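Peer 1: Kindly generate the corresponding structure for this input.
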Amino acid sequence: MSTERITHLVGGAPWTGVSERTSKVYNPATGEVTGELDLASAATVDEAVKVAHDASRAWGRTSLTKRAQVLFAFRELLNANKEKIAALITAEHGKVLSDALGEVTRGQEVAEFACGIPHLLKGGFSENVSTNVDVYSIRQPLGAVAVISPFNFPAMVPLWFVPIAVACGNSVVIKPSEKDPSAVNAVAALWKEAGLPDGVVNVVHGDKEAVDRLLEHPDIKAVSFVGSTPIAKYVYETGTRNGKRVQALGGAKNHMVVLPDADLDLTADAAVNAGFGSAGERCMAISALIAVEPVADDLIGKIKERMAQLRTGDGTRGCDMGPLVTGEHRDKVVGYVEAGVEAGAELAVDGRDGPFDGADDGFWLGPTLFDKVTPDMSIYTDEIFGPVLSVVRVPSYDAALDLVNSNPYGNGTAIFTNDGGAARRYQTEVEVGMVGVNVPIPVPMAYYSFGGWKNSLFGDTHAHGAEGVHFFTRGKVVTSRWLDPSHGGLNLGFPTHD
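Peer 2: Numbering: from 1, shown residues only. Have a look, this model is predicted:
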């Protein structure tokens with residue numbers, strides 16, 4: 001099987017240089033190598049940043065009306081090409097086509113939000129604060145910014161940041177995961193087709209060398225990152241040390257608290273959907289189910305019934321769950337399963353042996369369920385990032401709350417109950433950034449902002465929504481006094497805003 005060369009996009013065109021280093025891209029459902037990816041050197045990053053820096057000057061002075069026109073055109077192109085982009089995600093990440101399509105759709109929602117940039121950038125105005133003195137505020141672009149995105153959402157995460165950064169008048173250099181790079185290239189090509197000037201959106205592929213150069217480069221003014229907590233902390237500390245504005249979204253250990261009055265059928269559906277969707281490779285996946293007794297036995301029985309119906313296999317075949325992204329990652333998750341057994345947790349469903357509807361060399365691990373997990377076990381303490389759901393039994397609401405709040409992560413959580421008072425108390429008392437009430441994956445809509453607390457976020461600003469607009473702009477306040485009135489002569493034409 002021939003492999004495709006995958007390279008950078010700089011200044012609106014594929015990069016024409018020769019890369020000294022490359023990495024392999026796999027189809028996780030077959031184990032086959034499908035692409036050879038160019039890895040950027042520091043010099044290649046410098047080339048892309050220079051192009052972005054130069055392009056940012058003219059784009060930042062472009063009218064809000066014209067920027068919005070490009071955003072609207074991009075939104076339409078993204079919608080028209082979403083099946084194609086979803087297929088690229090499935091081919092390189094492994095998630096099933098329906099899940100990949102949902103990822104693109106959620107990213108498209110941010111592009112739709114960014115279409116309202118003329119309203120989102122409106123400032124304030126105070127007339128006559130002193131005699132004949134007015135004060136008003138404006139927000140202006142930063143310049144060239146960087147987006148460093150993870151493998152688990154190769155389209156959605158860049159779309160959380162890039163449309164808002166572009167709408168605000170910035171240029172962008174994207175560094176996607178080297179595991180599944182093609183979706184970003186496809187989306188970047190749509191920006192050019194939408195009429196965005198060359199150089200405003202650029203893509204460089206690479207590893208730590210590329211990341212470090214982006215974090216150090218003086219012409220990169222801000223960095224948005226999503227990934228594991230250790231790397232997020234490194235990105236935040238390195239970027240801020242180099243004078244950059246940084247939002248670094250880290251890892252998670254998301255808890256679903258189930259109270260005794262919960263609808264257990266609804267809860268079992270939610271636990272399976274949130275625990276095993278995208279093979280558990282979601283930062284918002286439910287990986288710890290906290291059962292407030294006496295519900296655990298009944299709930300686990302219902303979860304096992306639903307797990308027995310799941311079909312794991314090639315994402316193009318209509319399966320429920322696909323493979324893990326690489327063989328190395330699959331082996332790491334299997335190691336956690338083995339550690340859970342050794343630690344004494346009860347392995348209620350073992351996903352290691354299949355069956356799997358796909359090639360023998362695919363990176364397979366089926367849905368796995370542990371019961372009687374304790375907080376000292378690695379399957380509870382660590383972010384596994386795979387299809388492993390751990391049930392922890394607790395005696396009371398207070399014990400469940402203490403367990404969630406003592407966890408070093410604070411990304412997402414959910415409570416399942418029919419008691420409105422208990423739900424309201426939980427949303428107030430829990431120390432987590434995103435809370436679901438009978439909703440297992442509480443990812444907010446684009447006009448709200450996404451982000452966690454504690455070790456799930458480094459920086460003060462969450463992704464997209466109003467916080468995203470503020471992150472990609474800086475404020476300016478103007479105090480103005482005009483001593484003499486002026487006028488501009490006659491013009492009977494219809495006023496426009498070009």
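Peer 1: care to break this protein down by domain?
Peer 2: As given by automatic domain parsing, the domain ranges for the chain are 4-250+456-478, 254-437.
Peer 1: how about JSON lines for these, with distance to Y448 added?
Peer 2: All C-beta spots, glycine's among them, are computed from the backbone N, C-alpha and C. Formatted as JSON lines, these follow (distance: least, C-beta to C-beta, whole Å):
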{"stretch": "domain 4-250+456-478", "distance to Y448": "5"}
{"stretch": "domain 254-437", "distance to Y448": "9"}
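Peer 1: can you count the residues close to D298?
Peer 2: 13 (other C-beta atoms under 10 Å).
Peer 1: could you list every residue that touches it?
Peer 2: L264 (C-beta atoms under 8 Å, 6 or more residues apart in numbering).
Peer 1: quick check, it in a helix?
Peer 2: Yes. If the criterion is DSSP: H, G, I helix; E, B strand; the rest coil, then D298 is within a helix.
Peer 1: Contacts only, for the residue positioned nearest the centre of the chain.
Peer 2: The C-alpha lying nearest the average C-alpha coordinate of the chain belongs to V157 (C-alpha atoms, centre = their mean; 3.5 Å). By C-beta under 8 Å, 6+ apart, the residues touching V157 are G107, S149, P150, V226.
Peer 1: ok so, going back, which of the domains of the chain sits closest to L492?
Peer 2: Of all the domains of the chain, domain 4-250+456-478 sits nearest to L492, with 21.7 Å by C-beta to C-beta.
Peer 1: Need the mean per-residue confidence for that closest one.
Peer 2: Domain 4-250+456-478 carries an average pLDDT of 97.
Peer 1: out of the domains of the chain, nearest to V443?
Peer 2: Across the domains of the chain, closest to V443 is domain 254-437 (C-beta to C-beta), at 5.7 Å.
Peer 1: Compare the domains of the chain and give me the one nearest G489.
Peer 2: domain 4-250+456-478 (22.3 Å).
Peer 1: Other residues contacting stretch 78-94?
Peer 2: Against stretch 78-94 from outside (C-beta under 8 Å, 6+ apart): 25-29, 34-35, 95-97, 100-101, 103-105, 107-108, 111, 151-152, 154-155, 179-183, 186-187, 190, 279, 281, 315-316, 322-325, 363.
Peer 1: May I see the ChimeraX selection of the buried members of those residues?
Peer 2: With 16 or more other C-beta atoms under 10 Å as the criterion, this ChimeraX line picks the buried residues out of these:
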select :25,26,27,28,29,34,35,95,96,97,100,101,103,104,107,108,111,151,152,154,155,179,180,181,182,183,186,187,190,279,281,315,322,323,324,325,363
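Peer 1: Just the contacts of stretch 78-94: which are in strands?
Peer 2: V25, Y26, N27, T34, G35 (DSSP state E).
Peer 1: all helices for the stretch 101-250 of the chain, in order.
Peer 2: In the stretch 101-250 of the chain, the segments counted as helices under DSSP state H, counting those that start in this stretch are 117-120, 156-167, 182-193, 208-216, 229-241.
Peer 1: okay, those, which one's buried deepest?
Peer 2: helix 156-167 (a mean of 28; mean count of other C-beta atoms under 10 Å).
Peer 1: between that one and helix 182-193, how many degrees?
Peer 2: Angle of helix 156-167 versus helix 182-193, following axes from the mean of the first three to the mean of the last three C-alpha atoms, to 10 degrees, is 20 degrees.
Peer 1: With just CA atoms, put helix 156-167 into PDB.
Peer 2: The C-alpha trace of helix 156-167 is given here as PDB (Å, rounded to 0.1, in the frame of the first residue of the first chain):
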ATOM      1  CA  MET A 156     -12.900  20.200  16.700                       C
ATOM      2  CA  VAL A 157     -10.200  21.500  18.900                       C
ATOM      3  CA  PRO A 158      -8.500  23.700  16.200                       C
ATOM      4  CA  LEU A 159     -12.000  24.900  15.400                       C
ATOM      5  CA  TRP A 160     -12.500  26.000  19.000                       C
ATOM      6  CA  PHE A 161      -9.700  28.600  18.500                       C
ATOM      7  CA  VAL A 162      -9.000  29.400  14.900                       C
ATOM      8  CA  PRO A 163     -12.300  30.900  13.800                       C
ATOM      9  CA  ILE A 164     -12.300  33.300  16.800                       C
ATOM     10  CA  ALA A 165      -8.700  34.200  16.400                       C
ATOM     11  CA  VAL A 166      -9.200  34.900  12.700                       C
ATOM     12  CA  ALA A 167     -12.400  36.800  13.300                       C
END
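Peer 1: of all the contacts of V157, which two lie farthest apart?
Peer 2: In these, two members sit farther apart than any others by C-beta to C-beta. They are G107 and P150, at 13.5 Å.
Peer 1: rewinding a little: pull out the buried residues from the contacts of V157.
Peer 2: Applying 16+ other C-beta under 10 Å to the contacts of V157 flags G107, S149, P150, V226 as buried.
Peer 1: Please tabulate the residues you listed in TSV, including the columns distance to G493.
Peer 2: Below are the buried ones among the contacts of V157 laid out as TSV (distance: C-beta to C-beta, whole Å):
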residue	distance to G493
G107	40
S149	46
P150	51
V226	48
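Peer 1: Which one of those residues is nearest to A165?
Peer 2: S149 (12.7 Å).
Peer 1: Quick check: phi and psi at the closest one.
Peer 2: Phi and psi for S149, reported as degrees, to the nearest 10, are phi -120, psi 160.
Peer 1: ok, now which ones touch it?
Peer 2: V157, P158, I174, K175, P176, S177, V184, F225, V226.
Peer 1: what's the answer for P294, then?
Peer 2: P260.
Peer 1: That one - that's part of a helix, no?
Peer 2: No. Looking at P294 with three-state DSSP, it is coil, so not inside a helix.
Peer 1: quick one: it and L259, what's the gap?
Peer 2: To L259, P294 is 11 Å away according to C-beta to C-beta, to the nearest Å.
Peer 1: what's the answer for E281, then?
Peer 2: Going from E281 to L259 by C-beta to C-beta gives 28 Å.
Peer 1: Can you name the residues that contact I384?
Peer 2: Counted by C-beta under 8 Å, 6+ apart, I384 has contacts G280, S287, V333, Y336.
Peer 1: How many neighbouring residues does the last one have?
Peer 2: Residues contacting Y336 under the criterion other C-beta under 10 Å number 21.
Peer 1: Would you agree it is in contact with V388?
Peer 2: Yes. Between Y336 and V388 there is a contact at 6.3 Å, judged by C-beta atoms under 8 Å.
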